[in-house]
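Novice: Attaching a predicted model along with its sequence, questions to come.
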Amino acid sequence: MRIRTLLTIAAIGSVALTGVTVAPSMAADEPGPGPEIVSDVLTPEEEAQVHAAVDPADKVDMYYKGEKVDPASDWKGANMCVEVSEDGTMQCFGSDTEANKFLAAHAPTAAARAGAKRALAAKPAATQNVTMVAPQEAAIQRYQDCPSSYVCLWQNSNYSGRRLQWPTYDTAKTRHLDQYSPSFRDKASSAFVNRPQRGVELYDFRSGIPDPHLFLGAGYSLYSNFTSIDYTYGGSWNDKADAIKF
């Protein structure tokens, strides 16, 4: 079964999905609403690959203010956690400024360090022109919390609430959202793919039926509310993601 949901938007940016390219209609680097969204189900072979990519029993080490996050502490008051090593280690922060100061020096790739430096240099009041359906001022501003070259998932719609953030590596990585402490499984509600190429896949693990997966296009693409994205078996993709391939 394949369900394609075409968002009603005034402009569609360049995207790169797996084997799919859409020509740009916006200026390079300018974020815009996501292109055509593809919600599908995995083949048995694809399911096996996703499940085998990570052992969910191997919890990701997460740190906040120099201390390891206790799973019972609920991030110890941090607002975002960012992957800082290819082994999946996360560093958590209370503010974007704090995060970007650290990432400008310690992010695992040159592009990620440059993105953090660019975010620090940007004027706080500056906003970019983004064409969205019934945009809200707060939503337009919040997506900018995700620096260039990163992929971000937010717990709430309109790029709000707690955030997980991953850099762009030379090859795609898979993470199970249950590896984080506390778990981020079934909590994602909005996303920003802040890079020109390589889309993102989200997966929902099901029992007895094929696992659904969702393609989010690249090309600086905004996905403000997963409730507007149709889910393969009915309903929406809100609070459905169990794993991410970025």
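Specialist: Structure received. Numbering: from 1, shown residues only.

Novice: distance between the ends of stretch 49-61?
Specialist: 23 Å (C-alpha to C-alpha, to the nearest Å).

Novice: For it, buried residues please.
Specialist: Residues of stretch 49-61 classed as buried by neighbour count (16 or more other C-beta atoms under 10 Å): 50-51, 54, 56, 60. From N, CA and C alone the C-beta is placed, and that goes for glycine too.

Novice: Could you list the residues in contact with that stretch?
Specialist: 42, 68, 71, 88-90, 174-176, 178-181, 203, 205, 211, 213, 243, 245 (C-beta atoms under 8 Å, 6 or more residues apart in numbering).

Novice: what about 6 Å?
Specialist: 88-90, 174, 176, 178-181, 203 (C-beta atoms under 6 Å, 6 or more residues apart in numbering).

Novice: Pick out the lowest-pLDDT one from those.
Specialist: Note: of the contacts of stretch 49-61, the lowest pLDDT belongs to S181, at 81.

Novice: Could you tell me how many residues sit around it?
Specialist: 20 (other C-beta atoms under 10 Å).

Novice: what about this protein, any weak spots by pLDDT?
Specialist: 1-30, 32-36, 123-141 (pLDDT under 70).

Novice: just the helices in it please.
Specialist: Listed in chain order, the helices of the chain (DSSP state H) span 44-53, 96-106, 110-121, 137-142.

Novice: I'd like those as CSV, with distance to N238 appended.
Specialist: What follows is the helices of the chain, written out as CSV (distance: least, C-beta to C-beta, whole Å):
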stretch, distance to N238
helix 44-53, 21
helix 96-106, 24
helix 110-121, 27
helix 137-142, 16
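
Novice: Go through those and name the closest to D186.
Specialist: helix 44-53 (16.2 Å; C-beta to C-beta).

Novice: Mind telling me the two of the contacts of stretch 49-61 farthest from one another?
Specialist: Most distant of the contacts of stretch 49-61, by C-beta to C-beta, are T89 and Y203, 21.9 Å apart.

Novice: Looking at these two, which one has more neighbours?
Specialist: Comparing T89 with Y203 by other C-beta under 10 Å, the one with more neighbours is Y203, at 24 against 14.
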